[in-house]
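Participant: Fold the following, please.
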Amino acid sequence: MTAIMAALYFYGLRPNDKVAVKPHAGPLLHAIHYLLGNQSLDKLRRFRAFGGVQSYPSRTKDSIPVDFSTGSVGLGVAITAFSSLVQDYLIAHGQLAAQDGGRMIALMGDAELDEGNIYECLIEGYKHDIRNCWWIVDYNRQSLDSTTADRMFSRFDDIFETCGWRVLNLKYGKRQLAAFARPGGKALQHWIDNCPNADFAALTYQGGEAWRIRLMADIGNKSGVKKLIESYNDIALADIMTNLGGHCIETLMDAFDSAQDETPTIFIAYTVKGYGLPLAGHKDNHSGMLNTPQIEGLRDSLGIAEGTEWEPWSGLGANMAAQLQAFIQNSPLTKKKAEKPGPIIPVPDRLPVPDNAEQSTQAAFGRILLHLSKSGAKIADHIVTTAPDVTQTTNLGAFVNQRGLFRRRELIDVFQKAKIPSAQKWAAHEAGQHIELGIAENNFFLMLASLGLASPHFGTRLIPVGTVYDPFIARGLDALNYGCYMDSRFLLVGTPSGLTLAAEGGAHQSINTPLIGMGQPNLDYYEPAFADEVALMMAHAFRHLQAPDGSSVYLRLSTRSISQIVREDEAWEVNALKGGYWLREPAPGAEAAIIFTGVVAPEALAAFDTLAEDIPGLGLLNVTSPDLLHRDWSAQRAARWENKRAEPCHAETLLSRLSPSAGLVTILDGSPAALSWLGAVSGMRVSPLGTDRFGQTGDLSDLYRTYRLDSDAIIDAAAELFIGN
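Facilitator: Down below sits the predicted model:
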């Protein structure tokens, strides 16, 4: 990667290009910024230590400019394709000048080509005609455990070309090509082309003598070969055999020069893992480390004096050091603009609450978006929606009818043109604000992550809203975590959720997504029960996405239509955004409370009405965010160890209305663990209800009764608290 990154960063890059750096090349990225004066020696010395350079490039943890965080999962590769699509979207919408666009570039290891999300991305990228994207493969043919399969040698070209990519193979360095031009050179080239990966790696490790013996045995009798091989001593022979394209600066520069258009391009740069070091080619060198004599030998070979290892220009004469310093300071990289967040987009003080007497939270979400699409509010022009082939069934359809699908090239709705009746009137054009995706949740979350980075990446804000069937969040969980790790900002809507999606059966009924929402950093999880809560939380989310200390937001919604409640005032709203509020206030010192989250509100209300006569002062607590309540409680408990004043957490404040010996019945359509912990806040007894088994197809009443989510189950749970089993 040393040659690849040197050629890219100091020759191939343009100021507006963005790069996802292969995770194991992180030290090189920091070395480059050390030469540029952007990285401190102290942090370099503390590589992988607390407060020092991160193991892998991180947007949020490293102090140098990092365009994309990367880890060993291929996600840092695929996200560049979606960022290219976001750039096209912004240019088409007049939110980014075309001349301010750049290439989205990924530096990747060949073992990452085994990652399935890369091929899901390729397919989606082809559908959307992505451009201005480069993927540069460090093709050393070694993974962590072994050398890579020879059968894939020629297949990558076919795969990428089929998806509209230009494939540039950088197999030979200039000196190797010169050797091929000599008598016997064609035979040598043919031998290299057909040499198994494992054999090439082993011979590289063994060195010049081994190369000589093997070549003479295999092709020594061919015309000109013996003389050609004998013209090199062992050191020179080993050097010429490993002078691959990925180690040749001239070859790399030529390749970059040949791709100066918008065509997505993959550069397959052949390299040797550990090139120039004693462990080069060894199959165990993934975790290999040089011993002290080997390090000293490397230092001496570079002309670096002992004690000057950290000097930026050590090992160079004064004139050469001055020339190199001037070259680096004048490179395109120094003209790269620092990231600057886009202007804040004003959010209406309140979003309209749909006035239906009965409605679902999913329907309310769709109606609120529809209202925004017609409102003329500035925020409506910055909302961009996306879904993995579930646009209609997650209530985005009305918004898309108003705002259209995004396509760089206009697509005519054939059904509409033929005047065939359809609820979908989805014109596809450059002004469209919905990016439709295929049914691949990894792509969906990478698309959201890319959209959510528009502000720092391109200096203009988008309000990304993505909908997905709630159980299928788990299918893209790695990519969701990746987006949150980069502090990307988006509104995720998981719907429909839980056993409440009765007729769809167990495969479509989510169980543990509340725990995902609670456990995922940089993601605030809310689960509203009523339409006015949906409106409140959407407005909050649109502000929170833009706040310096904000985060992404996850709404868990349902298709179950329930009766709405009449509010006396707006006092409940503040506490609802903190994570919970009393829907029915308990009497001071009450001995019991029912605590619910989300769509089981009717069951909780019915049980409350039944139990209120038997349990004086009974309270009914609506937990709108188990996530925020739990996080607040955890922060309170941690404060004492961080020399901070431990203020009462919101859960403690809410429960303080009850007797210290009170009993709690908790219920939600999800894992009971999402609420059962509330008993630990003040040491109260808990009888938790929820779902921890796979569901099945059935009527809602049957499922609620079977899985103990109905009002009878709540009444029974309350009885257990007071009279035992």
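Participant: Could you list the low-pLDDT ranges of this structure?
Facilitator: Scanning the chain for pLDDT under 70 picks out the ranges 72, 145-153, 724-725.
Participant: Paired strands for the lengthiest strand in it, with orientation please.
Facilitator: Assignment by DSSP state E gives strand 658-668 as the longest strand of the chain. Sheet pairing here is set by DSSP bridges, and for strand 658-668 it gives strand 590-597 (parallel), strand 685-689 (parallel).
Participant: Give me whichever of the ones you listed is most buried.
Facilitator: Highest mean neighbour count among those (mean count of other Cβ atoms under 10 Å): strand 590-597, with a mean of 25. Where you see a C-beta, it was placed from the backbone N, CA and C, and this is true even at glycine.
Participant: next one: it to chain centre, how far?
Facilitator: Mean-position distance between strand 590-597 and its chain equals 38 Å (Cα atoms, centre = their mean, to the nearest Å).
Participant: And the next helix or strand past it?
Facilitator: helix 601-611 (DSSP states H and E).
Participant: Run through who's touching that next one.
Facilitator: Among residues not part of helix 601-611, those counted as contacts by Cβ atoms under 8 Å, 6 or more residues apart in numbering are 529-530, 562-563, 583-584, 592, 594, 596, 618, 620, 622, 665, 667, 704, 709-715, 718.
Participant: So which of the residues you listed belong to helices?
Facilitator: Counting by DSSP state H, the contacts of helix 601-611 place 704, 711-715, 718 in helices.
Participant: Which one (most neighbours) among those residues?
Facilitator: residue 714 (26 neighbours; other Cβ atoms under 10 Å).
Participant: Report the angle between the longest strand of the chain and helix 601-611.
Facilitator: For strand 658-668 against helix 601-611, the angle by axes from the mean of the first three to the mean of the last three Cα atoms, to 10 degrees is 140 degrees.
Participant: what's residue 720 sitting at in phi/psi?
Facilitator: The phi/psi pair for residue 720 (degrees, to the nearest 10) reads phi -60, psi -40.
Participant: Surely it touches residue 687?
Facilitator: Yes. Residue 720 lies in contact with residue 687 (Cβ atoms under 8 Å); the separation is 5.2 Å.
Participant: residues in contact with stretch 708-721?
Facilitator: 499, 592, 594, 600, 603-604, 606-607, 610-611, 615, 663-665, 667, 669, 685, 687-691, 701, 703-705.
Participant: Using PyMOL, make a named selection holding only the buried ones among these.
Facilitator: To isolate in PyMOL the members of the contacts of stretch 708-721 that are buried, counting by 16 or more other Cβ atoms under 10 Å, one can use:
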select buried, resi 499+592+594+600+603+604+607+611+615+663+664+665+667+669+687+688+689+690+691+703+704
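Participant: count of residues packed around residue 571?
Facilitator: Around residue 571 there are 10 other residues, counting by other Cβ under 10 Å.
Participant: Look up phi and psi at it.
Facilitator: phi -60, psi -30.
Participant: In the stretch 1-150 of the chain, mark out all the helices, start to finish.
Facilitator: 2-7, 26-35, 41-45, 75-92, 116-127 (DSSP state H, counting those that start in this stretch).
Participant: For residue 547, which of those is the nearest?
Facilitator: When the helices of the stretch 1-150 of the chain are compared by Cβ to Cβ, helix 75-92 sits nearest residue 547, at 21.1 Å.
Participant: So what's the gap between the closest one and the chain middle?
Facilitator: 13 Å.
Participant: Tell me where the stretch 201-350 of the chain has helices.
Facilitator: 208-219, 225-230, 234-241, 249-257, 292-301, 318-329.
Participant: Quick check: which of the ones you listed is nearest to residue 98?
Facilitator: Of all those, helix 249-257 comes closest under Cβ to Cβ, at 21.3 Å.
Participant: other SSEs contacting the closest one?
Facilitator: helix 2-7, strand 166-170, strand 265-270 (3 or more Cβ pairs under 8 Å, 6 or more residues apart in numbering; DSSP states H and E).
Participant: so how many other residues sit close to residue 196?
Facilitator: By the measure other Cβ under 10 Å, the count of residues near residue 196 is 12.
Participant: Against residue 280, how distant is it?
Facilitator: 17 Å (Cβ to Cβ, to the nearest Å).
Participant: Residue 685 too?
Facilitator: Remark: distance between residue 685 and residue 280 (Cβ to Cβ) = 65 Å.
Participant: And residue 421, by the same measure?
Facilitator: On the measure of Cβ to Cβ, residue 421 and residue 280 end up 68 Å apart.
Participant: what about the two, which has more around it?
Facilitator: More neighbours surround residue 280 than the other of residue 421 and residue 280, with 19 against 6 (other Cβ under 10 Å).
Participant: I'd guessed the more buried one sits against residue 288; true?
Facilitator: No. At 9.7 Å, residue 280 does not count as touching residue 288 under the criterion of Cβ under 8 Å.
Participant: and for these two, which residues touch both?
Facilitator: residue 274.
Participant: export the helices of the stretch 201-350 of the chain to JSON lines and tack on distance to residue 635?
Facilitator: Below are those laid out as JSON lines (distance: least, Cβ to Cβ, whole Å):
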{"stretch": "helix 208-219", "distance to residue 635": "61"}
{"stretch": "helix 225-230", "distance to residue 635": "69"}
{"stretch": "helix 234-241", "distance to residue 635": "59"}
{"stretch": "helix 249-257", "distance to residue 635": "49"}
{"stretch": "helix 292-301", "distance to residue 635": "45"}
{"stretch": "helix 318-329", "distance to residue 635": "45"}
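Participant: out of the ones you listed, which comes closest to residue 162?
Facilitator: Checking those against residue 162 by Cβ to Cβ gives helix 249-257 as the closest, at 21.2 Å.
Participant: how many neighbours does residue 198 have?
Facilitator: That count, for residue 198 with other Cβ under 10 Å as the rule, works out to 16.
Participant: Which element, helix or strand, includes it?
Facilitator: Using DSSP H and E, residue 198 sits within helix 197-206.
Participant: Now find how far off-centre that helix is within its chain.
Facilitator: So, by Cα atoms, centre = their mean, the centroid of helix 197-206 is 36 Å from its chain's centroid.
Participant: got the angle for that helix vs helix 208-219?
Facilitator: If you take the same axes, to 10 degrees, helix 197-206 sits at 140 degrees to helix 208-219.
Participant: C-alpha coordinates for helix 197-206, CSV please?
Facilitator: This file holds the C-alpha atoms of helix 197-206, laid out as CSV (Å, rounded to 0.1, in the frame of the first residue of the first chain):
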residue,chain,number,x,y,z
ASN,A,197,-0.9,-17.9,-5.8
ALA,A,198,0.6,-20.1,-3.0
ASP,A,199,3.7,-21.0,-5.1
PHE,A,200,4.3,-17.3,-5.9
ALA,A,201,4.0,-16.4,-2.2
ALA,A,202,6.3,-19.2,-1.0
LEU,A,203,9.0,-18.4,-3.6
THR,A,204,8.8,-14.7,-2.7
TYR,A,205,9.5,-15.6,0.9
GLN,A,206,12.4,-18.0,0.0
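Participant: Much appreciated, bye for now.
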